[in-house]
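Student: Predicted model follows, preceded by the sequence.
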Amino acid sequence: MVQLSNATLGTLPPGVTWAGYDRSRLRAGIVHFSVGNFHRAHQAVYLDQLIAAGGHDDWALCGIGLMDDPRERAKAASFPAQDCLYTITICPPHGAPEIRVIGSIVEYLFAPDDPEAVFARLCDPAIRIVTMTLTESGYNIDDETQEFKLGAPDIVHDLANPTAPRTAFGYVAEALSRRRAAGLPAFTVQSCDNLRHNGHVAKTAFTGFARARDPELAAWMEQEVDFPNSMVDRITPATTDADRTRLNAASGVDDKIPVFCEDFIQWVVQDHFRLGRPAWEKVGVQITDDVWAYEQIKLRMLNSSHSMLAFPGTIAGYRLVDETVADPAIAQLLFDFWNKDVIPLLKAPPGMSLEGYRDKLMERYSNPATRDQTIRIATDGASRIPIFSGDTIRSILEAGKDFRRCAFLIATFARCLGGVDDKGETFHTPEPRLTAADRATAADPDPMAFLTLPIFAGLGMDTSPDFVKTFQDYREQLASRGTLATLKDILAG
């Protein structure tokens, strides 16, 4: 088995491709916080293609690891051991997968061990863009006030220890403070997370932190830092130890950090980068000022339907997405949701078919090669439901439309929090935004207890007596009859 490194790029096994560019000429122009599987299957892949096309040697990536836990420490050791190279296995719905080596990440820094090395890179004039994948809940925005929350322990720590922070907010604020003092221009801050208006959310979060630290710095950031919006899409499952063994056996490469994903990929980016940007449009990135239209379609058709399949699928006993949508009842639920609840509320950008996008989504969900897990998608439902399904729920209730599928979504989420499926098997879906008391509320026999949780504020579910009654009916049926029996009655109604 080939040990992955710069020295072995010329001796890769048959079937493993490498773009062949000279990595010794690359220089980091982008810093990325939290180098997870999605980043490595998405932004890093686009950049790899662009570097291979020529003319972008100064736009390579420097990855930054933030979290100090065993898994992240193992990753921090693996990146330099492999010269920051890794394999990606791209899995189409039909046919053989494509295995490639990605070389666009040229440096990896582990922030907990050496904060000053991170600051040195962030203050390098060559760094013109700082990107991040912090997860939906990672921006620390209060649901009710829509302001940055200052009371989280890591935020309190970073405000008190600006030169030894734990979060991206602390690092970015200190780095921008140093760049400002040195007369250097501010880098662009670009969210690559799956959020509505992710650039606006990032601006609220980063300037909110800076304002608590230094109001003058925050005012400077308001004027000098660009926060472009973007929309990202590629299904990228977590890589388990079993996956790692399987992927390496197929590639013939000893890779400590392989990643696999579907063959679909999309990135829509708002063109606000005053220090310049890579020519992403040359490799298929859509550059537009109308990110909102694409974002709405993706959030309300893909992300919301992900929840619509993951909650009932998990409690019905399914663990893989392709197996879940192979169930005729769940497949029909998704098509009814798209056709009756979502598509009538959307307007497609010119040249885009919502029905075609719908059919492509089902094809992607049915792809057995990605082995995407329902529990992964069901995780952090407290963040996902308001962001991905909130507009649809609110619009349906305001218009007096059929809300049964939305009520079923919320009822299955509540049951999912109990952690036991219809077969009696236990499972765990992490919910960082919910307290132990919130989880207990999910089992409260009073439906209003659950529907008035802060995460649902403004959706109007608790003010509709018919919705409350339907939600409670479904919750009782899920407990007494099971998921699929309850669903079949809904579909027949």
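Tutor: Noted; the coordinates are in hand. Since this is a predicted model, take the numbers as computed values, not measurements.
Student: who touches the residue nearest to residue 61 when sequence neighbours are not counted in this structure?
Tutor: Spatial nearest neighbour of residue 61, chain neighbours left out: residue 105 (4.5 Å); criterion: C-beta to C-beta, 6 or more residues apart in numbering. Every residue, glycine included, has its C-beta placed from N, CA and C. Neighbouring residues of residue 105 by C-beta atoms under 8 Å, 6 or more residues apart in numbering: 35, 40, 44, 60, 61, 62, 63, 79, 84, 86.
Student: Name the member of these with the most neighbours.
Tutor: Highest neighbour count within the contacts of residue 105, by other C-beta atoms under 10 Å: residue 61, with 29 neighbours.
Student: and it, that's in a strand?
Tutor: Yes - assessed with DSSP: H, G, I helix; E, B strand; the rest coil, residue 61 lies in a strand.
Student: And the helices in the stretch 201-350 of the chain?
Tutor: For the stretch 201-350 of the chain, the helices defined by DSSP state H, counting those that start in this stretch occupy 215-224, 241-251, 291-297, 304-316, 321-325, 328-336.
Student: most neighbours per residue, which of those helices?
Tutor: Ranked by average neighbour count under the criterion mean count of other C-beta atoms under 10 Å, the helices of the stretch 201-350 of the chain are headed by helix 304-316 at a mean of 26.
Student: pLDDT of that one, averaged?
Tutor: Helix 304-316 shows an average pLDDT of 98 in the prediction.
Student: rewinding a little: got the helices of the stretch 201-350 of the chain as CSV, with distance to residue 368 columns?
Tutor: Putting the helices of the stretch 201-350 of the chain into CSV (distance: least, C-beta to C-beta, whole Å) gives the following:
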stretch, distance to residue 368
helix 215-224, 46
helix 241-251, 13
helix 291-297, 26
helix 304-316, 15
helix 321-325, 5
helix 328-336, 15
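Student: rank those by mean pLDDT and give me the bottom one.
Tutor: Across the helices of the stretch 201-350 of the chain, helix 291-297 gives the lowest mean pLDDT, at a mean of 91.
Student: Which strands and helices lie in contact with that one?
Tutor: When contacts are defined as 3 or more C-beta pairs under 8 Å, 6 or more residues apart in numbering; DSSP states H and E, helix 291-297 packs onto strand 230-233, strand 266-269.
Student: Just flag the most distant two among the contacts of residue 105.
Tutor: Distances among the contacts of residue 105 were taken as C-beta to C-beta; the most separated pair is 62 and 86, at 15.1 Å.
Student: quick one: low-confidence parts of the chain?
Tutor: Within the chain, no stretch falls below the threshold (pLDDT under 70).
Student: can you give me the strands in it?
Tutor: For the chain, the strands defined by DSSP state E cover 2-3, 16-18, 28-33, 60-65, 86-91, 98-102, 105-110, 129-132, 188-191, 230-233, 253-254, 259-262, 266-269, 286-287.
Student: For those strands, give me a markdown table that also has distance to residue 215.
Tutor: Formatted as a markdown table, the strands of the chain follow (distance: least, C-beta to C-beta, whole Å):
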| stretch | distance to residue 215 |
| --- | --- |
| strand 2-3 | 52 |
| strand 16-18 | 49 |
| strand 28-33 | 24 |
| strand 60-65 | 27 |
| strand 86-91 | 42 |
| strand 98-102 | 42 |
| strand 105-110 | 30 |
| strand 129-132 | 22 |
| strand 188-191 | 19 |
| strand 230-233 | 28 |
| strand 253-254 | 51 |
| strand 259-262 | 41 |
| strand 266-269 | 31 |
| strand 286-287 | 34 |
